[in-house]
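**Student:** sharing a sequence plus its predicted fold:
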Amino acid sequence: MLTHLTETSQHNILKLFNRIWKEKKFPSLWRRAVVIPILKPGKDAKSPNNYRPIALTSVLCNLLERMVNSRLVHVLEKKKWLSPFQSGFRFGRGTVDNILLLENSIREAFISKKHLVSILFDMEKAYDKTWRYGILKDLYGIGFKDNLPIFIQNFLKDKVLQASHWKYFI
């Protein structure tokens, strides 16, 4: 939708984003999200734990979030502040990279007749349990000052979740 706007409209959105960035004020309406529960494949529809909540937010908010994230990841990659073993949320990388690394380590250990210890864990509800203050503290610690940590803090605080009124056919 946004790519089909006129150049003038796109320029006005950019002016809005720059104003939000400069004034360090996050629109309160962008803090609202409509939550839609999606049933996990092959799970019993009667159990609430078998649903994945999907939060629908403002398209403009999503666009600004992606722009900020793109710049943040670019700097983190350029300065080599991300672990080479981290594949999630990185361009051109995914979980398959880690699986291949593990498989290669297993093969090398087998060939050299050595032991290999692997610890695998699944962080349930990782986003909900993230220590937001710690993330902001780390950003300040590696040199991110001014608008970026404030933007992230404003983005994360006072979220308003609203249940969807849609009916689901499963």
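**Tutor:** Yep, that arrived.
**Student:** list the contacts of V35.
**Tutor:** Counting by CB atoms under 8 Å, 6 or more residues apart in numbering, V35 touches 53-56, 161-164. Backbone N, C-alpha and C define where each C-beta goes, glycine included.
**Student:** and those, which are buried?
**Tutor:** Buried members of the contacts of V35, counted by 16 or more other CB atoms under 10 Å: none.
**Student:** what is the lowest-pLDDT residue among those residues?
**Tutor:** Least confident by pLDDT among the contacts of V35: that is S164, with 66.
**Student:** nearest spatial neighbour of L64, skipping sequence neighbours?
**Tutor:** Leaving aside its chain neighbours, L64 sits nearest to F17 (5.2 Å; criterion: CB to CB, 6 or more residues apart in numbering).
**Student:** by contact count, what packs against the helix or strand that neighbour falls within?
**Tutor:** Assigned by DSSP states H and E, F17 falls within helix 7-23. Helix 7-23 sits against helix 59-78, helix 147-156, with contacts defined as 3 or more CB pairs under 8 Å, 6 or more residues apart in numbering; DSSP states H and E.
**Student:** in the protein, which strand is the longest?
**Tutor:** strand 32-39 (DSSP state E).
**Student:** note down every partner strand of the next helix or strand after it and its orientation.
**Tutor:** Following strand 32-39 in sequence order, the next helix or strand is strand 51-56 (DSSP H and E). Strand 51-56 has the following sheet partners, assigned by DSSP bridges: strand 32-39 (antiparallel).
**Student:** buried residues, the host helix or strand of L100. List them.
**Tutor:** Applying DSSP H and E as the criterion places L100 in helix 95-111. Within helix 95-111, the residues that count as buried by 16+ other CB under 10 Å are D97.
**Student:** got the angle for the helix or strand following that helix vs helix 59-78?
**Tutor:** Following helix 95-111 in sequence order, the next helix or strand is helix 132-141 (DSSP H and E). If you take axes from the mean of the first three to the mean of the last three CA atoms, to 10 degrees, helix 132-141 sits at 50 degrees to helix 59-78.
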